[in-house]
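1. have a look; sequence and predicted model below, questions after that.
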Amino acid sequence: MAETIVSSEHGPAQRKRRRGLLIQLAMLALAAGFLVALRDSLPDLGAMWTAARKAEPAWLVLVVLAEAGSMGAFARLQRRLLRIGGVRMTLRRAFAVTYAGNALSTTLPAGPAVSVVYTFRQFRRTGASPQLSTAVILVGGIITTGAYTVIGLLALLAAPGARGPALIALSVPAALALVLTAALRRPALRARLAGPLGRAGGAILAHRRIAPYADKLREGRDALRPSRRDWAALIMLATLNWAFDILALIAAARAVGIDVAPHWVTLAYFAAQAAGSLLPLLPGGIGAIESSMAASLVAFGATLAPAGAAVGLYRLVSYWAVVAVGWLAWAALQEGPRLSERSRRRLAATGRAALAGLTSVAFTTPYTVSPAPGPQPRNT
C-alpha cells in the first residue's frame, strides 16, 4: 500500500520540481536581461576587479574565518538541541549536515523544503526520534529567527537616522506589554482576563494553517527540556550565527578600503536579506542580494566600485564557497547521487578533507558543548 502511494505521488512531485527549476531558470534569465539593460548604471567591472585585487589579505582571512564561524555556530546549535534530547552527534557530522542542508536550500527548486526533509532524515539516521528531529528543526529556526530580529533592532537603534522611527515603532508594543504585565499581577483582573485571552489563543492555535505547527511545537516541548544553561548556550549560538556572517561582510568592506560604520554595514546586510526573501525563486537570492547590498553600502557612504568589490568578495565566500563545501559534504554523507563507486569514494574523501579543515576552525569558537546525559545513539 505504501509503495502504491509513493509511486502515485512520484509523477506530480517530479513535475512540480521541473516546474520550479524552469521558473528559477526564467528568473535567472530575467536577471541577466536586467543586467544587460542596466549595464551603463552598473559599476565598472575593471574598477571592481582592481579593488578586489588590492584587497588586504588579513581582512580576507577574517572573511573566511567569520563565515566558517557562522556555519559552525549553527551546527553547534543543532548539535546542542540533539544532546538536550539525549542524542549525540559528532561535531564533524553536524558540520556536514549543516553545510549539505544549506547547499540544498540555496541551489535547488523548493530548496528550503528539500533541506528540511534532508536534515530530518540525517537526524533520524543519527538516532533521533521523529518527534525530536522535528523539534530540533522547529526550535532551532525559532531561536535563530529571534536572534536575527534582535540584531536587526539593535542595528536600527545604533543608526542615528533610524533610531527615532525605531523607538516610535517599539514604544507601542512595549507600552502594551507593560500595561498587560501590570494588569496580570492583580489576581482579580488576571482571572477576568484569563477566559477571553485563553479563548482567543485557542482560536488562533486551532486555525487550519497554524494548528499543525502548534501541534509540532507541543511535541517539541515534550521532546526538549532545555535548562537555563541550555537556553543561554542556544541563544548565544544563534546570535553568533548571524554576528559572524555580518562580521564577514564588515571584513570584506574593510578589505577594499570601505570605512563605513559597522551599524550601517549591518543595515546593508539586513536590507539585502529582505531583498533576497522578496525574490525566493532566485537560488540563493542571486542578483537581488548583491544589488541591494551594494546599493545600501553606496547609500551609507561607500563609492560604487569598492562597494561592488566588497559584495563580490563577501558572496564569493558566504555563498559560492559555502555551497561548494555543502555539496562535498552531501557527497561525503553518501546521499543519493547515482555515481560510480570510484567517483563516490573520491568525492567523499574530498568532502571529508574539507570538513576536517572547517571543523578545526569550529574549535576556535569560544564555546564548548558539555556532555549531556542520555543513551548513546547508533552511529550510521
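-> On my side now, so go ahead.
2. elements contacting the helix or strand harbouring residue 181?
-> Assigned by DSSP states H and E, residue 181 falls within helix 160-184. Applying 3 or more Cβ pairs under 8 Å, 6 or more residues apart in numbering; DSSP states H and E, we find helix 160-184 packed against helix 130-158, helix 187-205. The way it works is simple: take the backbone N, C-alpha and C, and place the C-beta from them, glycine included.
3. the ones you listed into CSV, with extra columns for mean neighbour count?
-> Below are the helices and strands packed on helix 160-184 laid out as CSV (neighbours: other Cβ atoms under 10 Å):
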stretch, mean neighbour count
helix 130-158, 18
helix 187-205, 11
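4. which stretch in those has the least confidence?
-> The stretch with the lowest average pLDDT out of the helices and strands packed on helix 160-184 is helix 187-205, scoring a mean of 68.
5. quick one: the strands in the stretch 1-150 of the chain?
-> Here the stretch 1-150 of the chain has no strands by DSSP state E, counting those that start in this stretch.
6. now do the helices in it.
-> 2-37, 45-53, 57-84, 91-107, 111-126, 130-158 (DSSP state H, counting those that start in this stretch).
7. then the stretch 251-380 of the chain?
-> 262-278, 288-299, 304-315, 322-332, 341-362.
8. buried residues in the second one?
-> Of all the residues in helix 288-299, those buried under the rule 16 or more other Cβ atoms under 10 Å are 288, 289, 290, 291, 292, 293, 294, 295, 296, 297, 298.
9. which one among those gets closest to residue 130?
-> residue 289 (34.3 Å; Cβ to Cβ).
10. mind listing what the closest one touches?
-> 272, 273, 275, 276, 315 (Cβ atoms under 8 Å, 6 or more residues apart in numbering).
11. could I get those residues as TSV with distance to residue 174, neighbour count and pLDDT?
-> TSV is the format used below for the contacts of residue 289 (distance: Cβ to Cβ, whole Å; neighbours: other Cβ atoms under 10 Å; pLDDT from 0 to 100):
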residue	distance to residue 174	neighbour count	pLDDT
272	28	25	90
273	25	19	89
275	29	20	83
276	30	20	80
315	36	21	95
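12. out of these, which is nearest to residue 176?
-> For the contacts of residue 289, the nearest to residue 176 is residue 273 (27.6 Å; Cβ to Cβ).
13. you'd agree residue 249 is up against residue 264?
-> No: Residue 249 is beyond contact range of residue 264, at 11.0 Å (criterion: Cβ atoms under 8 Å).
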